[in-house]
Structure formats: structure tokens, C-alpha cells
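Peer 1: Any chance you can model this:
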Amino acid sequence: MDHQTIVVLDFGGQYNQLIARRVRECSVYCEVLPYRTPLEEIIAKKPIGIIFTGGPNSVYADNSPRIDRAIFEQGIPVLGICYGIQLMAYTLGGHVVSPDTREYGKTITYYDTECVLFKGLPKQGISWMSHTDYIDALPAGFTATAHTDRCPTAAMQDPVHKLYGLQMHPEVLHTENGIAMLRNFLYEVCGAMGDWTMGDYAQTAIDALRHKIGSGKVLLALSGGVDSSVAAALLSRAVGKQLTCIFVDHGLMRKNEGDEVEAAFADRDIHFVRVNAGERFLGKLAGVDDPERKRKIIGEEFIRVFEEEAKKIGHVDYLAQGTIYPDVIESGAGDAAVIKSHHNVGGLPDYVDFKEIVEPLRLLFKDETRALGRELGLPDYLVDRQPFPGPGLAIRIIGEITPEKVSILQNADAIFRAEIANAGLERDIHQYFAVLTSMRSVGVMGDGRTYDYTLALRGVTTTDFMTADWARIPFETLDLISRRIVNEVRGINRIVYDITSKPPATIEWE
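Peer 2: As a prediction, the model looks like this:
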């Protein structure tokens with residue numbers, strides 16, 4: 001795509017995808033690449049700047065990630081963050097040590113506002129530190145531009161060669177004016193023009209899809225969720241009647257959701273096919289309790305259903321999916337750890353009966369996907385729809401899946417969502433759902449003993465779904481939800497609320 005590009009080189013830090021998200025918030029396109037990417041491949045992308053991320057290693061260790069020194073000789077601006085600043089200093093002849101004390105968390109930092117990174121910012125502020133080592137001797141040509149009481153080089157620069165470093169993490173909101181620091185690097189150093197907008201992306205993506213697909217036929221898995229709905233709108237704008245959307249109701253949707261999805265797309269100018277395959281999926285999942293196996297079974301069964309429907313339709317050239325960037329990252333792209341396999345990334349079978357897979361949203365974060373949906377004219381009730389995983393309730397039922405458990409969870413989840421809406425909290429809580437645990441406990445109802453399931457409620461607030469905090473739902477609302485579920489849903493006698501952030505937990509339980 002013809003955008004100015006920032007390359008983010010990933011050295012394994014916990015905030016690396018957040019760096020990419022912050023760059024895009026500044027209206028600049030970026031891609032995350034493994035640090036092992038050959039220099040010629042990086043240069044071929046014609047980046048206006050390069051950002052080195054943080055990482056867990058010490059630069060002086062024998063097995064620590066390294067970088068080709070020639071990257072600093074290309075005339076391309078470079079910003080090193082945390083491990084990145086240490087790697088820059090070490091590679092260019094500076095010295096990095098491990099002091100007696102470490103810096104973690106919010107730290108008072110003093111800035112030289114003559115440095116372009118801190119242009120227009122206060123001379124002092126709170127920054128988020130997360131490092132054991134620091135730079136005690138700068139490379140030739142560099143000067144320190146920030147310090148803390150414990151770290152002599154909290155930032156450094158060589159403006160002649162457009163090389164900059166930050167020991168703190170500007171991408172996290174705990175760093176005061178951190179986004180402004182990144183913006184200064186992008187616009188003041190790299191010369192960014194801010195050409196990454198959803199309107200621009202939409203037209204570029206439509207043109208690219210038309211060129212790629214040509215006169216071919218496309219089959220899209222339409223779940224009714226945000227991602228697949230936006231993918232449908234984008235493909236429909238690009239290729240029109242060449243697109244067939246197949247909605248596979250795998251029997252693991254939320255209560256009444258299958259009918260709602262069908263109604264939402266009934267009047268749209270697309271070929272819409274609904275396949276009721278609940279018994280088929282539940283049969284494949286019988287006796288399976290491992291979450292990774294569930295995901296892969298569902299992913300493969302999705303493809304098998306698509307193949308069968310494609311044969312009924314006739315020749316199909318492309319399979320389209322609503323894969324978004326966090327799906328790719330969490331499924332272990334590059335050097336990233338596999339957190340969980342997504343059904344539309346890690347669960348695909350080896351053989352797919354289509355010419356090629358098309359993923360028009362693969363580069364977008366969740367909030368960018370919503371913005372694109374609005375740009376394409378999708379209604380708010382679709383764009384703002386609660387996130388829902390492709391495997392559906394299969395990964396919100398801990399342990400083996402049975403029709404009884406599915407019914408219990410559907411009814412309980414419907415009450416939870418209804419009361420959140422009644423309390424006017426939909427805009428404040430970005431994702432909320434119920435999880436049927438495998439734990440059963442003793443209870444008492446109507447003077448009798450019960451031995452039923454424990455239901456967990458989960459609500460989070462987030463800006464990008466890469467990190468999230470647990471939602472502070474008012475106690476009176478939780479009390480009402482708990483009483484309603486226990487009174488109205490047979491099989492549940494205990495309710496708990498999940499108060500874990502992401503990280504260390506994921507948003508979903510499985």
C-alpha cells in the first residue's frame with residue numbers, strides 16, 4: 001500500500017504491539033517485523049523511520065538479540081526504546097552496565113527540551129521505566145537528553161545522523177506526554193505527513209482487492225461480529241456480487257444470535273447463505289476439553305463447511321476471513337510467543353479447497369476495524385457489536401462441551417448482557433461476557449442441597465484489546481445480575497467476578 005511507513009523491529013518486549021498502535025494513532029502507518037529481518041528487506045519497504053522495541057535481554061549477553069550496524073548508516077531515522085536504546089548504544093560503541101539498583105514503574109524524569117523529542121514539553125514529568133541495565137558511557141556523537149535520579153541516560157540523541165533513544169516507555173499511558181514524544185519523532189524527525197486514515201485506507205484496500213481478485217469469486221465466513229461484518233462491507237464495495245457470505249451457525253452462538261445475524265444481513269446486496277451446523281460441531285467437540293484442540297477442531301470444521309457450500313455455489317477462487325492484527329500477533333507471528341491460536345489463524349487445516357485466502361483486515365487493530373466499518377457505512381449496532389470469538393461459547397465453557405452446558409451459558413450470558421444494558425454501561429465496558437467454569441460446588445436452594453456449576457462474569461475496559469483492565473461494575477448491578485442468574489438459570493448456584501487485567505490474563509478464559 002502506498003503509505004509512508006514506519007518499521008517497528010520487534011526484540012521481544014511486552015509492549016511491542018502497543019508501540020505500533022500508538023504510531024497509527026498518530027496517523028502514520030507502521031509494520032512490526034522480527035529483529036532478524038534482513039536489512040535489504042527493511043530498506044525495500046522504504047521506511048521513513050525505524051523503531052527498535054524493548055526486550056527482556058541484556059545487550060552484553062552472548063545470546064541477546066543483535067542488529068546489523070549498517071542499519072544506522074542508511075540515513076533512516078531510528079528511535080530505540082528501552083532495550084532498543086541500549087542496543088543502539090552498545091552497537092555503536094557505548095557501554096551498558098547492570099547497576100546495583102533497578103528502575104520499574106512510574107519514575108520522575110528530567111528532560112532537555114532542546115531535544116526534538118521533547119519539543120514543547122515540560123522539563124520534568126513521570127515516565128514508565130522497566131529496566132535492569134542502563135547506559136553509563138555514550139557512543140561517539142551522542143549526548144544525553146534526559147535523566148532520572150538513578151539513570152544517567154534516560155534518553156540520548158545524535159541529531160546529525162537522526163538517531164534517538166528513550167529508556168522509558170513512551171507508548172504506555174503511564175508516561176506523561178509519551179505519545180507527544182513519539183509524535184515528535186514521527187513528524188519532526190521522520191517528516192511524517194499523517195497519511196494513514198481510514199478513508200484513505202478504505203479506498204486503497206478496495207483498489208487492492210479489485211486488482212487481486214479480478215473477476216474471481218469470493219467466499220466469506222460471516223459470523224455477524226465486527227471483524228467479519230467489516231470484511232463483508234469492504235469486499236462487497238470492492239467486488240459486489242462476486243462475493244458470497246456464508247454464515248455458519250455452529251450452535252455455539254449467544255442466545256438468539258443466529259436469527260439476529262440473519263436478520264441484519266437479510267436486506268443487503270450480497271449473497272447470504274445460512275448453514276445450521278450445530279449438531280455437526282457439537283459432535284466433533286464431544287469429549288474434548290483442551291482449549292487448543294477446541295479451537296483447531298472448530299477452525300478445521302469451518303473450512304470443511306465452507307468447502308461443501310462452495311461446491312454447491314460453484315467454482316470459488318478465494319476464501320476471505322476477518323483476521324485482524326491482534327489475531328496474528330497472539331497466534332505467534334515472527335518471534336512472538338503463541339498466547340493462543342485463533343481459529344482463523346492457527347486452526348486452519350493444511351488443505352484448503354480454494355486458490356488463496358484473502359484477509360483484508362489483517363493489518364488493522366480492533367478500533368481501526370470499527371473506524372473502517374463506519375467509513376464504509378455500516379450501522380452502529382454492527383460496528384459497536386460486542387467482540388465474540390470465532391469458536392464462540394466453545395471457549396467460554398471450561399472443559400467438555402455439551403448441549404446442556406451451551407444452553408445454561410446462553411441463558412446466563414443473556415441476563416448479564418441485558419442488565420449491563422439496563423444499567424447504561426455498554427459504552428463504559430468494552431467487552432463483557434459469562435464463562436461457565438468446570439467447577440461445581442455445594443449450594444442451598446429452597447432448603448435443599450444443590451451441587452451446580454460456578455459461573456464467572458468478565459468485563460474489561462480497553463483501547464486496543466492488546467491490553468485491558470477489569471471493569472469496575474457497580475456492586476448493585478453485580479448483585480442484581482447474580483440474583484437473576486441464580487434464580488432464572490437452572491444448573492448455576494454460584495457467581496464470581498473476574499478482576500484480572502490483561503496482561504497477565506487474556507481477555508477470554510481459553
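Peer 1: so where's the stretch 151-300 of the chain uncertain?
Peer 2: Along the stretch 151-300 of the chain, no part satisfies pLDDT under 70.
Peer 1: Mind jotting down where the helices sit in it?
Peer 2: Counting by DSSP state H, counting those that start in this stretch, the stretch 151-300 of the chain has helices at residues 178-184, 198-213, 226-239, 257-265, 278-285, 291-313.
Peer 1: of all the ones you listed, which gets the most neighbours per residue?
Peer 2: Mean neighbour count (mean count of other CB atoms under 10 Å) peaks for helix 226-239 among those, with a mean of 24. For the C-beta atoms, the positions are set from N, CA and C on the backbone; glycine is no exception.
Peer 1: List the buried residues in stretch 310-326.
Peer 2: Residues of stretch 310-326 classed as buried: 310, 316-326 (neighbour count, 16 or more other CB atoms under 10 Å).
Peer 1: rewinding a little: now distance to E375 too, for the helices of the stretch 151-300 of the chain, in a markdown table please.
Peer 2: Converted to a markdown table, those look like this (distance: least, CB to CB, whole Å):
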| stretch | distance to E375 |
| --- | --- |
| helix 178-184 | 23 |
| helix 198-213 | 5 |
| helix 226-239 | 9 |
| helix 257-265 | 19 |
| helix 278-285 | 34 |
| helix 291-313 | 28 |
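Peer 1: hmm, back to that, in helices, which of the buried residues of stretch 310-326 appear?
Peer 2: With helices taken from DSSP state H, the overlap with those comprises 310, 325-326.
Peer 1: Pick out the residue nearest the middle of this protein.
Peer 2: By CA atoms, centre = their mean, the chain has its centre lying nearest to P326, at 2.8 Å.
Peer 1: hmm, back to that, export the ones in helices among the buried residues of stretch 310-326 to CSV and tack on distance to V218 and pLDDT?
Peer 2: Converted to CSV, those look like this (distance: CB to CB, whole Å; pLDDT from 0 to 100):
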residue, distance to V218, pLDDT
A310, 10, 73
Y325, 21, 72
P326, 24, 70
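Peer 1: In a markdown table, list those residues along with distance to R417.
Peer 2: Output for these, formatted as a markdown table (distance: CB to CB, whole Å):
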| residue | distance to R417 |
| --- | --- |
| A310 | 34 |
| Y325 | 26 |
| P326 | 22 |
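Peer 1: Return the residues in contact with K502.
Peer 2: Contacts here follow CB atoms under 8 Å, 6 or more residues apart in numbering; on that basis K502 touches 460, 462, 467-469.
Peer 1: Would you mind checking which of those residues is nearest to V406?
Peer 2: V460 (23.3 Å; CB to CB).
Peer 1: Let me know the average pLDDT across the helix or strand encompassing the closest one.
Peer 2: Using DSSP states H and E, V460 maps to strand 448-461. Strand 448-461 comes out with an average pLDDT of 90.
Peer 1: How about stretch 131-141?
Peer 2: Here the average pLDDT along stretch 131-141 is 89.
Peer 1: And for stretch 493-509?
Peer 2: 92.
Peer 1: Just checking the distance from it to the centre of its chain.
Peer 2: Distance of stretch 493-509 from the chain centroid (CA atoms, centre = their mean, to the nearest Å) equals 18 Å.
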